[in-house]
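Chemist: just coords:
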């Protein structure tokens, strides 16, 4: 496995291993599965309630931020790691 070494301004060497392509792909897959499970859960909840069109718009407005902001929110709350990276 590849590693990277960084020299800080205080002349301290920091070394860590880089994630392989397979590990990154697995983490992305786990994140996508998590988003899809949430999406399907909201879809089933919406379908079971048989919501009117106006309420369905609210449902759709919940999905867009969830899908677009998942990476940003999860990595900020997880200190740089999404659920798939743990």
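Modeler: All right, it came through fine. Keep in mind that what you see is a predicted model, and the values were worked out from it rather than measured.
Chemist: any idea which residue is closest to the centre of the protein?
Modeler: The residue lying closest to the centre of the chain (CA atoms, centre = their mean) is residue 71, at 3.9 Å.
Chemist: list the contacts of that residue.
Modeler: 31, 82 (CB atoms under 8 Å, 6 or more residues apart in numbering). Heads up, the C-betas are built off the backbone N, CA and C, glycines and all.
Chemist: start the count at 718, not 1, going forward
Modeler: Let's use 718 as the start, then, which means that last one is residue 788.
Chemist: quick check: it vs residue 731, distance?
Modeler: Going from residue 788 to residue 731 by CB to CB, to the nearest Å gives 25 Å.
Chemist: I figured residue 719 hits residue 738, correct?
Modeler: No: counting by CB atoms under 8 Å, residue 719 does not reach residue 738; the two are 10.6 Å apart.
Chemist: pLDDT at the residue nearest to the centre of the chain, what is it?
Modeler: Looking at residue 788, its pLDDT reads 79.
Chemist: contacting residues around residue 732?
Modeler: Residue 732 neighbours (CB under 8 Å, 6+ apart): 720-723.
Chemist: quick one: which of those residues sit in strands?
Modeler: 720-723 (DSSP state E).
Chemist: list the buried ones in whichever helix in the chain runs longest?
Modeler: Identified as the longest helix of the chain according to DSSP state H is helix 738-766. Applying a neighbour-count criterion of 16 or more other CB atoms under 10 Å, one finds 744, 748, 752, 763 buried in helix 738-766.
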